[in-house]
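Q: Sequence first, predicted model second:
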Amino acid sequence: MTAEALVEEFIGYLSSQKGYSAHTIRAYRSDLLQFLRFLREKEERAGPEGGPKHGLNGVDFALLREYLSGLYGNYKRVTIARKLSAVRTFMAYLARKGVLQSNPAAEISTPKVEKSIPAYLPVDEMFRLLEMPERDHPLGLRDLAVLEVLYSCGLRVSELAGMDVSSIDFEQRLVRVIGKGNRERIVPIGKKALQAVEAYLEATSSLRRKQGKGKNEGPLFLNYRGMRLSTRSILTIVKKYGRECALMSEISPHALRHTFATHLLDGGADLRSVQELLGHANLSATQKYTHVSLDRLMAVYDKAHPRG
């Protein structure tokens, strides 16, 4: 079996057995094919008599260090860490299958990733963003519902795109989404977001009927052709209103997820509850949001304390 075929087999394993997200799978495939190109180019430079062959069986600690050193200066550390994770996980898979005798990447240390405070919107800017979509057109009502649900529920963009109308329990004010690892979770949805969704569903009821679906059937968010709205389209929608509202240039669906978490913590929510709402498997993934809240607490302390 060729190295490329082993990569595809491994990618299939991550998808079917491990439940990796489509985004992670795309990134891992790209990372591993990049690593294979590195091995092939190294052999080509060496020539037929220029040294040992560096197929997968020829990969060792020194070769991996050489590969990683070539990534520095071209990629951020967080990207390099992901590329190393892809190679390490792939090598471990091949070792378990008996293709390799051992995993040469196991002893490579992961680059220390820079800690960054997530981008988020202050409350007044978030409210201003929600005022931007037009209320007298189905597409404007859709965009408003997209923004409201992202902010109200703290969803990942893939979770929002995958929602059906039946994902919402309007009476209980709950939303069911499928998150990372194909894990289902239930999150509350606010009254304003529900009102926006109901107005959007009413405005698109005739379109849904033409497709043979009832008002409460099929994908929740539709494009102008009546098909499910893609993650790329949701990104475009959020960025569009961010520009019109003169917000930060990097506004994105994920920034609204950060905003959701930050506003909850600022409002007194405990970290464990926010972890549950975000669908984080580990508390460490949620702790990055405490930096923002601590900054706010320090500002309040400095302003209020006589000796601050």
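A: That came through fine.
Q: For residue 275, see how far away residue 171 is.
A: Going from residue 171 to residue 275 by C-beta to C-beta, to the nearest Å gives 27 Å. Where you see a C-beta, it was placed from the backbone N, CA and C, and this is true even at glycine.
Q: Compare the two (neighbour count), which wins?
A: residue 275 (19 against 6; other C-beta atoms under 10 Å).
Q: so that one sits right up against residue 286, yeah?
A: Yes. At 4.2 Å, residue 275 counts as touching residue 286 under the criterion of C-beta atoms under 8 Å.
Q: all helices of the stretch 201-308 of the chain, in order?
A: Using DSSP state H, counting those that start in this stretch, the helices of the stretch 201-308 of the chain run over residues 205-210, 231-244, 253-266, 271-278, 283-287, 290-304.
Q: among these, which is the most enclosed?
A: Ranked by mean neighbour count under mean count of other C-beta atoms under 10 Å, these are led by helix 253-266, which reaches a mean of 22.
Q: For that helix, name the packing helices and strands.
A: Under the contact criterion of 3 or more C-beta pairs under 8 Å, 6 or more residues apart in numbering; DSSP states H and E, helix 253-266 touches helix 123-130, helix 138-153, helix 157-161, helix 231-244, helix 271-278, helix 290-304.
Q: which parts of the first one are buried?
A: Read that as helix 123-130. 125-126, 129-130 (16 or more other C-beta atoms under 10 Å).
Q: Return the member of the residues you listed nearest to residue 232.
A: residue 129 (19.7 Å; C-beta to C-beta).
Q: Return the distance of the nearest residue to that closest one once chain neighbours are set aside relative to residue 147.
A: Ranked by C-beta to C-beta, 6 or more residues apart in numbering and with sequence neighbours excluded, the top spatial neighbour of residue 129 is residue 245, at 5.1 Å. Between residue 245 and residue 147 the computed distance is 11 Å (C-beta to C-beta).
Q: joint contacts of those two?
A: Contact criterion C-beta atoms under 8 Å, 6 or more residues apart in numbering; residues shared by residue 245 and residue 147: residue 129.
Q: ok, these two, which is more surrounded?
A: Using other C-beta under 10 Å as the criterion, residue 245 and residue 147 rank with residue 147 on top: 24 against 17.
Q: Contact partners for the spatially closest residue to the more buried one that is not a sequence neighbour?
A: Nearest residue to residue 147, sequence neighbours excluded (C-beta to C-beta, 6+ apart): residue 130, at 5.7 Å. Applying C-beta under 8 Å, 6+ apart, we find residue 130 in contact with 144, 147-148, 151.
Q: And for the nearest residue to residue 135 once chain neighbours are set aside, the neighbour number?
A: Once flanking residues are discounted, residue 135 sits nearest to residue 141: 6.5 Å by C-beta to C-beta, 6+ apart. Using other C-beta under 10 Å, residue 141 has 22 neighbouring residues.
Q: What distance do you get for residue 141 to residue 250?
A: 26 Å.
Q: Make a markdown table out of the helices and strands packed on helix 253-266 and add distance to residue 179 and mean pLDDT.
A: Below are the helices and strands packed on helix 253-266 laid out as a markdown table (distance: least, C-beta to C-beta, whole Å; pLDDT from 0 to 100):
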| stretch | distance to residue 179 | mean pLDDT |
| --- | --- | --- |
| helix 123-130 | 23 | 92 |
| helix 138-153 | 11 | 96 |
| helix 157-161 | 6 | 94 |
| helix 231-244 | 14 | 94 |
| helix 271-278 | 9 | 85 |
| helix 290-304 | 21 | 64 |
